[in-house]
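Visitor: the amino acid sequence is not available; the structure is as follows:
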Ligand code: AMP
Ligand code: MG
């Protein structure tokens with residue numbers, strides 16, 4: 001019996017756990033999830049310093065028309081030790097250099113005229129101006145990055161500021177990808193009658209990479225037990241195995257048989273979704289095995305709906321589901337009862353509301369419709385007809401898709417005729 005979309009996704013998510021953390025170079029951690037709380041090992045900044053190129057002064061000396069005597073210079077990277085700002089004095093200082101004893105403000109160069117060691121001030125100076133005080137950014141012991149945070153360039157800067165060269169992050173899953181079918185030829189070769197290029201490997205590898213996983217391409221298995229057994233056994237060595245095609249009712253659809261022979265414990269086969277009904281999921285020694293249908297559209301949609309959340313959970317993400325937005329259907333949609341329909345839609349934004357309409361032929365063989373889709377509208381399993389104006393759940397397929405539409409609107413091109 002087929003499972004509902006939600007039941008299938010829940011079963012998958014309950015079957016996977018985050019991979020063990022490891023230390024990864026800061027150069028490679030963007031998008032990865034930190035596994036431990038990071039507390040500041042010291043005050044940041046560690047010493048009072050200048051926020052401007054200018055002069056360290058005593059604010060009380062800085063009345064209009066007053067000249068100050070410049071003695072001393074502290075460059076960035078220099079030391080303030082032994083240097084004091086005396087009454088009526090000023091010390092030239094560069095941005096980031098330690099502030100000398102005695103000063104309580106920095107006057108930017110732009111607000112001074114310097115002449116023969118004498119300094120004339122052109123602006124007002126208040127205590128504290130342009131000084132960075134020890135610990136004003138972060139104090140020692142403060143939680144700066146909580147475990148479970150996905151690292152962005154800002155978090156990576158904070159880690160590097162505290163001298164980290166690596167960060168403890170949940171490991172990237174190695175995701176084995178296997179295409180199956182006698183008709184498949186690797187891109188770059190020649191194709192004869194009845195043959196097509198293996199394109200699924202590339203879209204799935206791209207989707208895996210996009211969310212931070214590491215694709216491991218196993219190539220093509222032929223529609224026979226021997227070839228499938230050899231390749232699937234290799235794939236089971238990785239953290240995750242994704243196969244495409246060979247899971248429907250065809251004479252040569254042997255993927256499920258071979259998985260069973262290799263003791264992959266089947267959790268389900270068939271989900272009440274369209275496209276992607278024949279999807280199967282199982283576990284081998286706790287490792288997830290996804291068998292996706294072969295039509296490139298079905299492969300992409302089932303990856304999006306069922307595989308992506310699992311990979312994100314394995315990488316330690318707390319939010320593994322794409323946010324669902326509210327989209328307003330611009331035309332009536334009829335659909336079969338009993339299946340959640342993933343409708344490929346063009347998305348436009350109007351006064352903060354997403355308007356959605358089918359962006360082309362919705363049959364699973366039509367890949368070009370997927371290229372035009374800014375999102376997928378999820379139409380409920382029970383519904384058979386949704387009138388124009390209905391509110392539907394909308395998954396945006398990346399901000400880029402929306403931006404592209406915005407450009408299309410600006411240039412007068414329409415994404416969909
Ligand atoms: P199947 O599930 O094996 O019946 O395959 C369904 C459809 O997907 C067929 O039209 C296949 O030719 C096509 N297909 C299967 N695998 C791939 C692949 N790796 N790349 C592109 N198309 C594929
Ligand atoms: Mg096939």
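Guide: Arrived safely. The shown structure was predicted, so the numbers you read here are calculated from the model rather than taken from an experiment. Ligands and ions are numbered 1, 2, ... in the order given.
Visitor: neighbours around the residue nearest to residue 135 when sequence neighbours are not counted, how many?
Guide: Distances taken as CB to CB, 6 or more residues apart in numbering place residue 43 nearest to residue 135, at 3.6 Å, with adjacent residues excluded. For the C-beta atoms, the positions are set from N, CA and C on the backbone; glycine is no exception. By the criterion of other CB atoms under 10 Å, residue 43 has 17 neighbours.
Visitor: do residue 335 as well
Guide: When neighbours are defined as other CB under 10 Å, residue 335 has 18 of them.
Visitor: check contacts around the residue of the stretch 251-400 of the chain found nearest ligand 2.
Guide: The minimum distance from the stretch 251-400 of the chain to ligand 2, using CB to the ion, falls at residue 294 (5.4 Å). Counting by CB atoms under 8 Å, 6 or more residues apart in numbering, residue 294 touches 179, 180, 181, 200, 244, 245, 246, 247, 248.
Visitor: not counting sequence-adjacent ones, nearest residue to the second one?
Guide: Of all residues beyond its chain neighbours, the one nearest residue 180 is residue 246 (4.1 Å), with distances taken as CB to CB, 6+ apart.
Visitor: got it, and the fourth one?
Guide: Nearest residue to residue 200, sequence neighbours excluded (CB to CB, 6+ apart): residue 244, at 4.4 Å.
Visitor: from ligand 1, how far off is the one you found?
Guide: 5 Å (CB to the nearest ligand atom, to the nearest Å).
Visitor: okay, now that residue: neighbour count?
Guide: Using other CB under 10 Å, residue 244 has 29 other residues around it.
Visitor: pretty sure it sits against residue 299.
Guide: Yes. Residue 244 is within contact range of residue 299, at 5.0 Å (criterion: CB atoms under 8 Å).
Visitor: got any residues that touch both of these two?
Guide: Counting by CB under 8 Å, 6+ apart, the shared contacts of residue 244 and residue 299 are 200, 204, 292, 293.
Visitor: what sits against residue 229?
Guide: Applying CB under 8 Å, 6+ apart to residue 229 gives the contacts 258, 261, 262.
Visitor: run through the neighbouring helices and strands of the helix or strand where residue 342 lies.
Guide: Per DSSP states H and E: residue 342 is located in strand 340-350. Under the contact definition 3 or more CB pairs under 8 Å, 6 or more residues apart in numbering; DSSP states H and E, strand 340-350 sits against strand 273-274, strand 353-358, helix 367-372, strand 375-379, strand 391-396, helix 399-410.
Visitor: please redo it, this time with the cut-off set to 6 Å
Guide: Packing contacts for strand 340-350, counted by 3 or more CB pairs under 6 Å, 6 or more residues apart in numbering; DSSP states H and E, involve strand 353-358, strand 375-379.
Visitor: got the contact list for it?
Guide: Residues from elsewhere that reach strand 340-350 (CB atoms under 6 Å, 6 or more residues apart in numbering): 5, 273-274, 301, 335, 354-357, 359, 369-370, 373-377, 379, 381, 405, 415-416.
Visitor: buried residues in it, which are they?
Guide: Buried residues in strand 340-350, counted by 16 or more other CB atoms under 10 Å: 340, 341, 342, 343, 344, 345, 346, 347, 348.
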